[in-house]
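In: sequence first, then the predicted structure:
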Amino acid sequence: MTSTLLQYKRHPYGYGPMLWAIWILLGSCSLQANSLLDIYQRVQQQAPTLLAAQHNLKADQQMLSQAKAALMPQVTFSLVGNWPLETSAGANRRYGVTVSQPLQLDALYSYKAMQQLDQRALLTFKKVGQDLMFKTIDTYFKVLRQQNELDSAAAELRVVQQRQNQLQRQFELGMITLATLQDTIAVRKQTEVALLQAQENHQQAIDALQLLTNSEQLVIAFLSDNYPVVPIGPATLGEWERLAQTNNLELLAMDLTVNQDYHTYKAMDVGKY
């Protein structure tokens, strides 16, 4: 099926909503033109949130370098020269190098706080990329789903129209009543309304994908017939909870925020002494 915006390779199984298998999705579609991977790469180039998170990460890394500089030893170099007015007297020079390591506990705790901030900024950057990946997958499958619903609505309208044509001939032959024909006409009109709604939903899905990729012309394809369907795992809620506590980026960032606040407090506390 070809439209002015999207071209699809049809297959009898429609599509598989595998939002959880992110990298399986991106990798398995990589050989198709304008695949999910291609769309995600376009989104990466256009997403302002990802660019902002990247700049914030670089800024926080600079703050870590500045905090580390406060802990480095201080080196002082001095040169003292004596040149008398009488040329017979020799000049003398003295050189000196002083290396000192001040004990600054407040600087130490400030550096530890900046370490937590740096790690949190990295997690925030990864979280933005993760959210962007899920949004791309969700928008991609919405287009496929709305296209499938549009095809179904169009097929249903064709069936209803054929049924109406048959009943129209039967009515002309006097085989059915006018009420039966009018019921069929009402069903056809309802089906036409459903088709218009499906077209509107389909166009909205296309517009969302255009906005996400900043592209007015986009060609995508349905998933292939041999697309791998992998059972989701783990199977128990407890295992999912354990994975969330270990790998959830938001939880990890909150832990780093707590540690950063603690070290910031210690820096202010030891600064009194």
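Out: Looks like it came in fine. Numbers count the residues shown, from 1 in each chain.

In: all contacts plus neighbour counts: C-alpha atoms, from now on.
Out: Noted.

In: flag the shaky bits of the stretch 101-250 of the chain, pLDDT-wise.
Out: 101-103, 221 (pLDDT under 70).

In: mind listing residues that contact the helix or strand that contains residue 61?
Out: If you go by DSSP states H and E, residue 61 is part of helix 48-69. The contact list for helix 48-69, computed with CA atoms under 8 Å, 6 or more residues apart in numbering, reads 44, 107, 110-111, 114-115, 117-118, 121-122, 124-125, 128-129, 132.

In: same thing with stretch 107-118?
Out: 57, 60-61, 63-64, 67-68, 70-71, 256-257, 259-264, 266-267.

In: repeat for stretch 202-215
Out: Residues contacting stretch 202-215 (CA under 8 Å, 6+ apart): 39, 42-43, 46-47, 136, 139-140, 142-143, 146-147, 150, 216-218.

In: my read: residue 105 touches residue 268, true?
Out: No - using CA atoms under 8 Å, residue 105 is not in contact with residue 268; the gap is 9.7 Å.

In: doesn't residue 230 lie inside a helix?
Out: No - under DSSP: H, G, I helix; E, B strand; the rest coil, residue 230 falls outside any helix and is assigned coil.

In: how many neighbours does it have?
Out: Residues lying near residue 230 (other CA atoms under 10 Å) number 9.

In: which SSE is the residue positioned nearest the centre of the chain in?
Out: Centroid-nearest residue in the chain, with CA atoms, centre = their mean: residue 132, separated by 1.2 Å. In the assignment (DSSP H and E), residue 132 maps to helix 105-172.

In: list the buried residues of the next helix-or-strand element following that helix.
Out: Downstream of helix 105-172, the first helix or strand assigned by DSSP H and E is helix 178-213. Residues of helix 178-213 classed as buried: 181, 184-185, 187-188, 191-192, 194-195, 198-199, 201-203, 205-210, 212-213 (neighbour count, 16 or more other CA atoms under 10 Å).

In: Provide the secondary structure category for residue 234.
Out: Assignment for residue 234 (three-state DSSP): coil.

In: for it, what are phi and psi?
Out: Residue 234 has phi and psi values of phi -70, psi 170 when expressed as degrees, to the nearest 10.

In: tally of neighbours for the residue lying closest to it once chain neighbours are set aside?
Out: Excluding the flanking residues, the one nearest residue 234 by CA to CA, 6 or more residues apart in numbering is residue 240, at 6.8 Å. Residue neighbour count, defined by other CA under 10 Å, stands at 13 for residue 240.

In: confirm that residue 240 sits in a strand.
Out: No - the secondary structure assignment for residue 240 gives helix rather than a strand, going by three-state DSSP.

In: any idea how far residue 244 is from residue 237?
Out: Distance from residue 237 to residue 244, counting by CA to CA, to the nearest Å: 11 Å.

In: higher neighbour count, these two?
Out: residue 244 (14 against 9).

In: where's that one, which helix or strand?
Out: Assigned by DSSP H and E, residue 244 falls in helix 237-247.

In: and residue 95, by the same measure?
Out: Going by DSSP H and E, residue 95 is part of strand 92-100.

In: buried ones in stretch 163-177?
Out: For stretch 163-177, the neighbour count (16+ other CA under 10 Å) marks 164, 167-168, 171 as buried.

In: pick the one among those closest to residue 155.
Out: Closest approach to residue 155 among the buried residues of stretch 163-177 (CA to CA): residue 164, at 14.4 Å.

In: thought the closest one was touching residue 186?
Out: No - between residue 164 and residue 186 there is no contact under CA under 8 Å: 10.0 Å.
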